[in-house]
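Undergrad: the sequence isn't on hand, but the structure is:
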Ligand code: SF4
């Protein structure tokens, strides 16, 4: 019988956060010089169109959104598939830095003709908005002031981090708070393999508490995860989206799983991960759009960030 080494077997079990961190070293050094380390400037600022709601069936109403990709400290969790740490600062976010980044973004976009019509702001920080290392709590009053012109404020946050502060922030905002949560995939053991520190039931309970607090939520799903065959991946992405819709998600965004964090590159070399193609992403999105369970339900979007542009058809 062929001997299987411990390195080979580890690709089939739940990877430890330590192993994920060890594999990160393969790519972290390449990033060191290109990472933004200026805590007073966001990584990116742009205006985009986004579907805001369904009008009839699958017909959607678009809205203009100001998106800031904030520079802040790294998320304290160590999900196996996450490469967002590549966009983070290497120290806790200094007090006042997040408001300064938002001021920068607002100044940058105010000159745009249609800026007055922008009523949604997305503040994405590659982690958890209500983690005090990411956004110092003393900044909340100024953040609420800066968000005053917007009817909707979208932030990313894990269900187990900073939730008391989250509900308080939601109450103090003039507009509606929307929390974006990475549910990723509800296939058995998948969230454990991803080191997500989240169980589908915990997500469902969090969703209910958000609804009770009149806070909206959107869900990120990752398609093409390792350990799933392509046909299983489609099935589980559809089931995960139905689960998120049943929990009351306002918006479901499907993203491709990608290499680039060291650990996923390792799985790719070991043959248990192949990044989904653009065609596979379109196929799963077509399945979602034709599923009558989503009629009059959440907005569905496909985010192809990270896919090789050559594959875009
Ligand atoms: S919770 Fe989100 S930001 Fe944090 S490690 Fe996991 S995927 Fe990355």
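TA: Sure thing, it's come through. As the structure is a computational prediction, the values presented were derived from the model and not from experiment.
Undergrad: helices of this protein, residue ranges please.
TA: Defined through DSSP state H, the helices belonging to the chain, from first to last, are 6-9, 17-31, 97-110, 140-146, 163-172, 190-193, 200-212, 230-247, 263-269, 278-289.
Undergrad: with distance to residue 178 and mean neighbour count added, can I get those in CSV?
TA: C-betas here are computed from N, CA, C, even on glycine. CSV is the format used below for those (distance: least, CB to CB, whole Å; neighbours: other CB atoms under 10 Å):
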stretch, distance to residue 178, mean neighbour count
helix 6-9, 42, 10
helix 17-31, 29, 14
helix 97-110, 16, 18
helix 140-146, 15, 16
helix 163-172, 9, 16
helix 190-193, 22, 19
helix 200-212, 9, 16
helix 230-247, 14, 19
helix 263-269, 28, 20
helix 278-289, 20, 17
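Undergrad: what does this protein have sitting close to the ligand?
TA: On the criterion CB under 6 Å from any ligand atom, the ligand has as its neighbours in the chain the residues 75, 77, 78, 79, 82, 84, 126, 127, 158, 182.
Undergrad: for the second one, give me phi and psi.
TA: Spelled out, it's residue 77. Backbone torsions for residue 77, taken as degrees, to the nearest 10, come to phi -80, psi 160.
Undergrad: do the first one as well
TA: Taking degrees, to the nearest 10, you get phi -60, psi 140 for the backbone angles of residue 75.
Undergrad: residues in contact with it?
TA: Residues in contact with residue 75 (CB atoms under 8 Å, 6 or more residues apart in numbering) are 82, 84, 85, 88, 126, 127, 128, 131, 134, 158.
Undergrad: per-residue pLDDT, it?
TA: Predicted confidence (pLDDT) for residue 75: 94.
Undergrad: do the last one as well
TA: Note on residue 182: pLDDT of 98.
Undergrad: next one: the fourth one
TA: The predicted local confidence for residue 79 comes out at a pLDDT of 95.
Undergrad: can you name the residues that contact it?
TA: For residue 79, the set of contacting residues under the criterion of CB under 8 Å, 6+ apart consists of 20, 182, 194, 195, 196.
Undergrad: restricted to strands, list these.
TA: Within the contacts of residue 79, membership in strands is found for residue 182, as judged by DSSP state E.
Undergrad: which one of the contacts of residue 79 is nearest residue 245?
TA: Top of the list for closeness to residue 245, among these and by CB to CB, is residue 182 at 16.2 Å.
Undergrad: and the helices of the chain, which one averages the lowest pLDDT?
TA: For these, the stretch scoring lowest in mean pLDDT is helix 6-9; its value is a mean of 46.
Undergrad: not counting its neighbours along the chain, what's nearest residue 126?
TA: residue 84 (3.7 Å; CB to CB, 6 or more residues apart in numbering).
Undergrad: an error on my part: the question was meant for residue 244.
TA: Here the nearest residue to residue 244 in space, its sequence neighbours aside, is residue 219; by CB to CB, 6+ apart that works out to 4.1 Å.
Undergrad: residues contacting residue 175?
TA: Remark: with contacts taken as CB under 8 Å, 6+ apart, residue 175 is in contact with 119, 147, 148, 150, 151, 152, 153.
Undergrad: pretty sure residue 169 sits against residue 141.
TA: No - Residue 169 is beyond contact range of residue 141, at 10.3 Å (criterion: CB atoms under 8 Å).
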